[in-house]
Each structure stands twice: as C-alpha cells, then as structure tokens.
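Q: sequence first, then the predicted structure:
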Protein chains: 2
Amino acid sequence: MATLSEENYLKAIFHLSRHDKTVVSTNAIAQKMETKASSATDMIKKLFEKGLIDYEKYKGVKLTENGRLAAVSVIRKHRLWELFLVDKLRFSWDEVHEVAEQLEHIKSKKLTRELDAFLEFPTEDPHGDPIPDANGNMPSSQKLLLAKVKQLQRCICVGVKDSTPKFLQYLDKHKIALGTEITVLSRESYDESMALKINNIQRTISKEVAHNLFVKIS
Amino acid sequence: MATLSEENYLKAIFHLSRHDKTVVSTNAIAQKMETKASSATDMIKKLFEKGLIDYEKYKGVKLTENGRLAAVSVIRKHRLWELFLVDKLRFSWDEVHEVAEQLEHIKSKKLTRELDAFLEFPTEDPHGDPIPDANGNMPSSQKLLLAKVKQLQRCICVGVKDSTPKFLQYLDKHKIALGTEITVLSRESYDESMALKINNIQRTISKEVAHNLFVKIS
DNA sequence: TTTAATATTTAGATAAGACTAAAAATTTAT
DNA sequence: ATAAATTTTTAGTCTTATCTAAATATTAAA
Ligand SMILES: [Mn+2]
Ligand SMILES: [Mn+2]
Ligand SMILES: [Mn+2]
Ligand SMILES: [Mn+2]
C-alpha cells in the first residue's frame, strides 16, 4: 500500500506523462511536487523498489501498470470528492481542490464505491475532468481548447485546463460556467484575443483565457 | 495546527480523562494508543510545548482548554463522518469507525460546517454518542447502563459503551438497535446475567452485554 | 524504613520524507 | 571534440514518530 507522499508522486508522474507519453524527468517531477530534485530522486527509488515505476538512472521514469492503477485510483477519489463537495455540500468549484487533496488519500474501497453510487455514478468532476471508473478506465472526451475554435463556430464550455481558484473566479465573474454556450465572433491576430458572444452578450477574452477553456463544438 | 499523531494522542487523553477527571498517566496513554510508554513520553513533551496539555514529570497529564478544544473538534468530525457513512453511504454501524479514524483528520472548517448542515445538525452518532457542537460543547445525556436497570423497568436502548464490530454485530444478530425497547424481567445473582423482553421476545443476556449497553428509562 | 516492584523518563537507533551542498552524468554550445 | 551548462544523483543533515534498553523516580511490600 502506497503512503500519502508516494500517492502524490504517482499522481504527479501520471499527469506529467498524460499527453506526451514519453518518460518523465526528475526535474519535472520535482517542479510539479514543489520540491527539490534530490527529494524526487529519493522518492523515485522508493517507487521503483515497490514496482510502481520503471526507472533507469539518468533516464527518467515511467509508470508501470500497477503504478498507473494506483495513480488513477487517487485521481478517481479526488474527482468524486470534488463533485460531492459541490453537489452536496455547497462548495463552489474554486474551493474544492484543497480539501480533495486531503480526501483523495482516505483508504476504503467501500467508501469510494458508495460515494460513487451516492453521486449516481458521475463521469465528470466540477471542472469537467473525467472521473476514472472502478477498473481504472478513464473516459477520454473529445474536448478542444477554445483557442482552436474557428470563427463563427458555436460551442459549449465543457471544462477548464487551468483549475486554479483565480481562473475559476474569473469565469464566475464573467458568467462562464460548464454548459455555457459560446460563439466565436472574431480573433485578433495581434494578441490572439477573441471576441465572443456569451449568453447573448458580447465579450472579449485574452489569449490566456482562450487557452484554458475546453469546449465542445455544438 | 496539530499533526495527525498529535490529534490522536489528544483524543486518547480526552477519552481517558472523560469519567475520572483526574490526571492521566503515561502508561494509560501508551496503552490506549497501542504504543510504548517511551513514545508516549516523547509525544507528551511535544503537546506540552504546544500548550495543549499541563504536564509535570512523573505527575501525569491534563488537557488545557486549547487541548480540550482540539480533541473535541476531532471527535466532532469523527462522529459526523460516522453518521454520514451510515445515513448516506449505506455503511452499517460496525463498519464506520475505521474510516472515520481517517476522515476525522481532514482539515477544513467549511467541510465540517457543511457536513453538519447536510446531516441536519445531528446531536448523536450511530452509536448513540453525542456530537459536540461547533463551539466544543458536548451535550451530556443522562443514559445509564442496562446492568443498573431495576427489575420490571422498561427502557430504551440509546447507546453502546463498547462499539467494536464484534459487539455491534452481536446486537444486530439479536435485533437490538438504538431505539429498541427493553424490559428487564429478572436478574441472575450468580453470574449477573439478565432476562429481558425485547420486541416481545424473551432473551437472556450476559453480564458483559448488560455492561456495554446504554439505556434511557422510558 | 529499607527493599522490591512498578512507572516514567532518558539515551540512542531506525525509517520516512524533506533539505543543502557537492559529485557525477548528460546535454548543449563553441 | 572539447568545454560549458544543465540535469541528476549522492552524501550528509534535520524533523517526526516510533522502538529497545537502561537509568531514574515513585509506589507498594516486607
Ligand atoms: Mn482538484
Ligand atoms: Mn477537478
Ligand atoms: Mn468511532
Ligand atoms: Mn461512534
């Protein structure tokens, strides 16, 4: 059974190898964990000893199947708890992450199973991120960044790439939520800002915002 | 802020000083924590340094007001979570303790507050134990042990003293739950066993059982 | 009131997880 | 191809929480 710290490292490695599925560097892990490379090396050795990662000195790291399952299990719990907090306990989507970081480490198969049932087997968390199932399968959605959407296309907001409170609060302030319909009016080539129609109101967003909102063409 | 281990020690000290409100010995703490006296001494020093207990070498230990508040806060969370698991997640009362031992350490004022509201401000956990309020006040109930009930008295089961799975499963098996009405028919002086009428069925229980069931005279 | 038994504390070790500083390997630049 | 820069690992230290063994204090017995 993995310790709390080991679980956090596994999650970090999983997220780092999500897109580019190549090996993950010690430095990348250290940076994501907000720790020093030497600490990352120490932990890498432990995870290797436990058969949770493949590792060769100086060659980087890759999750084994066991490591991937452990990581996904933690992510599953994280996202179920986030949804619980929003749907049942009146948390807003910018308040849940910190608490979920603690709750994701609670060890009880039954708890996870029953929480899943209580929430009626959800497939997405409050940020639009997919919730892995009990077997470790992660539903892959075909969402794309708002920045990629063509002019005059209509789309629906389905997720956020940046889920920091700062960004989520920005979205709240400008009445952008999951499910909100967005029409791309035009794009400014100078600064990559975009003119949008949101809820029949015209608004301009920056490149930063456009690159952190996931949408689905509708 | 207290660490997980410190919180567990505070809880142990609180429970040990609950009835006899005298000082608590190092050995008693070690025994309750299932650890060695030397480890208890180490922790006692830490808790003293943090102002959570009064302590004089060889003289035992007593919670300060801050220590009591910290202990009660953990107990509050423990009992709220136990109730949540039973009322919302289909756990039975003999399955909740272990998970609650983990959940009680989650740090989030809002989480505790909202969980309390979600459960509609309960006053008792699934074992009939009182749930302290947000200010650290513990409602003291006037329950007594079934062993003390006089012949031909009618009473209602309102709590358990021993809340181990073994005992709770015994009660389940014999259809004794919180709220069950019990009439004391007679007492055997030889072994202190008692003849009871429970749900109109006559049954004999041992001294051990009689000393671990709390009732209220009805 | 000495002695014996028990309880408590101290001393020294260990393991997990983190750190700094320094060494070694790899990658990039000249 | 060699030197410089960067990355990664190692060596040694620190903190928390635990342990065993030994020393000290307290309590009970003779
Ligand atoms: Mn999160
Ligand atoms: Mn999320
Ligand atoms: Mn409990
Ligand atoms: Mn309880």
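A: Nice, I can see it. Ligands and ions are numbered 1, 2, ... in the order given.

Q: how close does the residue nearest in space to the middle of chain A get to residue A:107?
A: Closest residue to the average C-alpha location of chain A: residue A:129 at 5.6 Å, with Cα atoms, centre = their mean. Distance of residue A:129 to residue A:107, given as Cβ to Cβ, to the nearest Å: 22 Å. Where C-beta positions appear, they are placed from N, C-alpha and C, glycine not excepted.

Q: and if you look at residue A:158?
A: With distances taken as Cβ to Cβ, residue A:158 is found 32 Å from residue A:107.

Q: which one of these two is surrounded by more residues?
A: Neighbours of residue A:158 and residue A:107, each counted by other Cβ atoms under 10 Å in any protein chain shown, are more numerous for residue A:158; the result is 19 against 15.

Q: picking that back up, so what's the residue nearest to the centre of chain A scoring on pLDDT?
A: What the model reports for residue A:129 is a pLDDT of 97.

Q: where's it relative to ligand 4, distance?
A: Using Cβ to the ion, to the nearest Å, residue A:129 is found at 35 Å from ligand 4.

Q: ok, that residue - contacts?
A: By Cβ atoms under 8 Å, 6 or more residues apart in numbering or on different chains, residue A:129 lies in contact with A:79, A:159, A:163.

Q: what pLDDT does the first one get?
A: This means residue A:79. On pLDDT, residue A:79 comes in at 98.

Q: also the last one?
A: Residue A:163 carries a pLDDT value of 96.

Q: how does chain A divide into domains?
A: Domains of chain A are assigned by automatic domain parsing as A:4-63, A:144-217.

Q: could you find the closest non-adjacent residue to residue A:29?
A: residue A:40 (4.5 Å; Cβ to Cβ, 6 or more residues apart in numbering or on different chains).

Q: show me what whichever strand or helix holds residue A:97 is packed up against.
A: Assigned by DSSP states H and E, residue A:97 belongs to helix A:96-103. On a contact count with 3 or more Cβ pairs under 8 Å, 6 or more residues apart in numbering or on different chains; DSSP states H and E, helix A:96-103 meets helix A:65-88.

Q: what residues sit buried inside the helix it packs on?
A: Neighbour counts using 16 or more other Cβ atoms under 10 Å in any protein chain shown place A:67-86, A:88 of helix A:65-88 among the buried residues.

Q: over to stretch A:16-34?
A: Neighbour counts over stretch A:16-34 (16+ other Cβ under 10 Å) mark A:16, A:17, A:23, A:24, A:25, A:26, A:28, A:29, A:30, A:32, A:33 as buried.

Q: ditto for stretch A:186-203
A: Buried residues in stretch A:186-203, counted by 16+ other Cβ under 10 Å: A:187, A:193, A:194, A:196, A:198, A:203.

Q: report the two of those residues separated the most.
A: Put simply, by Cβ to Cβ the two of the buried residues of stretch A:186-203 set farthest apart are A:187 and A:198, 15.4 Å from each other.

Q: for the residue nearest to residue A:29, helix, strand, or coil?
A: Using DSSP: H, G, I helix; E, B strand; the rest coil, the structure places residue A:40 in helix.

Q: what does residue A:51 give?
A: coil.

Q: hmm, it is touching residue A:65, no?
A: No. Assessed by Cβ atoms under 8 Å, residue A:51 is found out of contact with residue A:65, at 9.7 Å.

Q: confirm that residue A:170 sits in a helix.
A: Yes. Counting by three-state DSSP, residue A:170 is found in a helix.

Q: for it, which non-adjacent residue is closest in space?
A: Leaving aside its chain neighbours, residue A:170 sits nearest to residue A:209 (7.2 Å; criterion: Cβ to Cβ, 6+ apart).

Q: so who does the closest residue to residue A:15 other than its chain neighbours touch?
A: Once flanking residues are discounted, residue A:15 sits nearest to residue A:32: 7.1 Å by Cβ to Cβ, 6+ apart. Contacts for residue A:32 (Cβ under 8 Å, 6+ apart) come out as A:12, A:15, A:16.

Q: so how far is residue A:125 from the residue located most distally from the centre of chain A?
A: For chain A, the largest distance from the centre (Cα atoms, centre = their mean) belongs to residue A:190, which lies 30.1 Å off. Here the criterion is Cβ to Cβ. By it, residue A:190 lies 36 Å from residue A:125.

Q: what's the answer for residue A:149, then?
A: For residue A:149 relative to residue A:125 (Cβ to Cβ), the value is 23 Å.

Q: next: residue A:61.
A: Taking Cβ to Cβ, one finds residue A:61 at 26 Å from residue A:125.
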